[in-house]
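Novice: sequence-free structure coming up:
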């Protein structure tokens, strides 16, 4: 009726989802923060460079969702997961797409697993919003790895369950041991890799090589030129005593190189 006050006119908008972004790469953190903070219903309340910082930030800011990388110095993402899950929803956001890591992250309570380069900004935002509701999202690499685990009999019974309304949600572990007492579960693996002597940037690029990215994709991801990528790859190959991407990736992953060379020293 005209002239009547609007009973909903002064209802405040809903509070934005509060997020913590955990990644050891400051460029990745800055990009994610800029992207997510540009949405009216999302707010990045803290950034973290490793699992321990993510845990401290979660205790301090009580976020709705933590975006968590896997490989970080100090306490890595897998080691931090059991201590974050009882506090909030955790969405893995990483370059690591190996099946054992995907399966372990879901087993430890992650609400989804996104591999960089396999989602659009809108898809990331949707996954973040859904993580709070317990609706998991998997990008193609993660979904494929999970399917392979199921076919091999690995199972994921401890990772997801049905809610009363029939939707899937994360069941997660219940460990609440103080994170200050925890050492990274992947310490041995990271220690082995450190013997190669790669710098932080070289290790990042090696991860992208192992994930199957081209030089052009690596350049775009790292915000550097393709020439700089090639220079990094030359140094990586020298340190890993490798002559091809396949050989370097096999050594980096800690697996025996049994496949044929992919074109020798071409990159």
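Specialist: Structure's in. What do you need? Not measured: the values here are computed from a predicted model. Numbering: from 1, shown residues only.
Novice: When you work out contacts or count neighbours from here on, use the C-alpha atoms and nothing else.
Specialist: Noted.
Novice: Tell me which helix or strand in the chain has the weakest average pLDDT.
Specialist: Lowest by mean pLDDT, DSSP states H and E among the helices and strands of the chain is strand 160-162, with a mean of 42.
Novice: which residues in this protein form strands?
Specialist: Ranges of strands in the chain, per DSSP state E, are 17-22, 42-48, 65-68, 89-94, 113-115, 160-162, 168-170.
Novice: Of those strands, which shows the lowest average pLDDT?
Specialist: Sorting the strands of the chain by mean pLDDT places strand 160-162 lowest, at a mean of 42.
Novice: follow-up on the earlier one: most tightly packed of the strands of the chain?
Specialist: strand 65-68 (a mean of 30; mean count of other Cα atoms under 10 Å).
Novice: which helices and strands sit right next to that strand?
Specialist: Secondary-structure packing of strand 65-68 (3 or more Cα pairs under 8 Å, 6 or more residues apart in numbering; DSSP states H and E): strand 17-22, helix 51-61, strand 89-94, helix 121-132.
Novice: what distance separates the second one from the middle of the whole chain?
Specialist: In terms of Cα atoms, centre = their mean, to the nearest Å, the centre of helix 51-61 is set 16 Å apart from its chain centre.
Novice: now the angle from it to strand 17-22?
Specialist: 160 degrees (axes from the mean of the first three to the mean of the last three Cα atoms, to 10 degrees).
Novice: Quick one: low-confidence residue ranges for the stretch 151-267 of the chain.
Specialist: 151-195, 220-223, 255-267 (pLDDT under 70).
Novice: go again using 50 as the cut-off
Specialist: For the stretch 151-267 of the chain, the stretches with pLDDT under 50 are 154-169, 171-193, 256-267.
Novice: Please apply the same query to the stretch 1-150 of the chain.
Specialist: 1.
Novice: repeat that with 70
Specialist: 1-13, 149-150.
Novice: on that earlier part again, take the strands of the chain and lay them out in JSON lines including distance to residue 212.
Specialist: Converted to JSON lines, those look like this (distance: least, Cα to Cα, whole Å):
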{"stretch": "strand 17-22", "distance to residue 212": "23"}
{"stretch": "strand 42-48", "distance to residue 212": "27"}
{"stretch": "strand 65-68", "distance to residue 212": "21"}
{"stretch": "strand 89-94", "distance to residue 212": "14"}
{"stretch": "strand 113-115", "distance to residue 212": "12"}
{"stretch": "strand 160-162", "distance to residue 212": "29"}
{"stretch": "strand 168-170", "distance to residue 212": "29"}
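Novice: Can you say which of those is nearest to residue 203?
Specialist: Closest to residue 203 of these is strand 89-94 (Cα to Cα; 13.8 Å).
Novice: Sheet partners, orientation included, of the closest one?
Specialist: When sheet partners are counted by DSSP bridges, strand 89-94 sits next to strand 65-68 (parallel), strand 113-115 (parallel).
Novice: Include distance to residue 145 when you put those strands into JSON lines, please.
Specialist: JSON lines is the format used below for the strands paired with strand 89-94 (distance: least, Cα to Cα, whole Å):
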{"stretch": "strand 65-68", "distance to residue 145": "19"}
{"stretch": "strand 113-115", "distance to residue 145": "11"}
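Novice: Of all the ones you listed, which one is nearest residue 78?
Specialist: That would be strand 65-68 among the strands paired with strand 89-94, by Cα to Cα, at 9.0 Å.
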